[in-house]
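A.B. asks: what's the 3D shape of this:
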Amino acid sequence: MSRRLRDLPNLGPASERMLHAAGIDTPEELDRLGSLEAYRRAIAAGGRPSLNFLWSIEAALLDLDWRDLPADRKKELRDAL
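C.D. replies: Predicted coordinates:
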């Protein structure tokens, strides 16, 4: 059985809708694209995600709670934007 995006940690229905609007429909696609590209696509699709959305995606891909994402990784992601 295929998992939905909202089945990943940190990602609920609103996050899933934003990712779907960006053309990302499965956890596998999200993993392949990575957090930065998914965030960029969400913006390009007209979304207005916060940085917490970026942290949530990155942490979901690492199977972490977004609050446990290390500060240095958050900085790396922010700098890469």
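
A.B. asks: identify the residue spatially nearest to the most centrally placed residue in the chain, adjacent ones excluded.
C.D. replies: Compute the mean C-alpha point of the chain, and by C-alpha atoms, centre = their mean the closest residue is residue 57, 2.5 Å away. For residue 57, the nearest residue in space outside its immediate sequence neighbours is residue 35; the separation is 4.1 Å by C-beta to C-beta, 6 or more residues apart in numbering. (Glycine included, C-beta is placed from N, CA and C.)

A.B. asks: got the phi/psi numbers for that neighbour?
C.D. replies: The phi/psi pair for residue 35 (degrees, to the nearest 10) reads phi -70, psi -40.

A.B. asks: thinking again about what came up before, please, which helix or strand holds the residue nearest to the centre of the chain?
C.D. replies: helix 51-61 (DSSP states H and E).

A.B. asks: how about the residue nearest to residue 57, what does it touch?
C.D. replies: 54, 57, 58, 61, 77 (C-beta atoms under 8 Å, 6 or more residues apart in numbering).

A.B. asks: and if you look at residue 77?
C.D. replies: Counting by C-beta under 8 Å, 6+ apart, residue 77 makes contact with 35, 36, 54, 55, 58.
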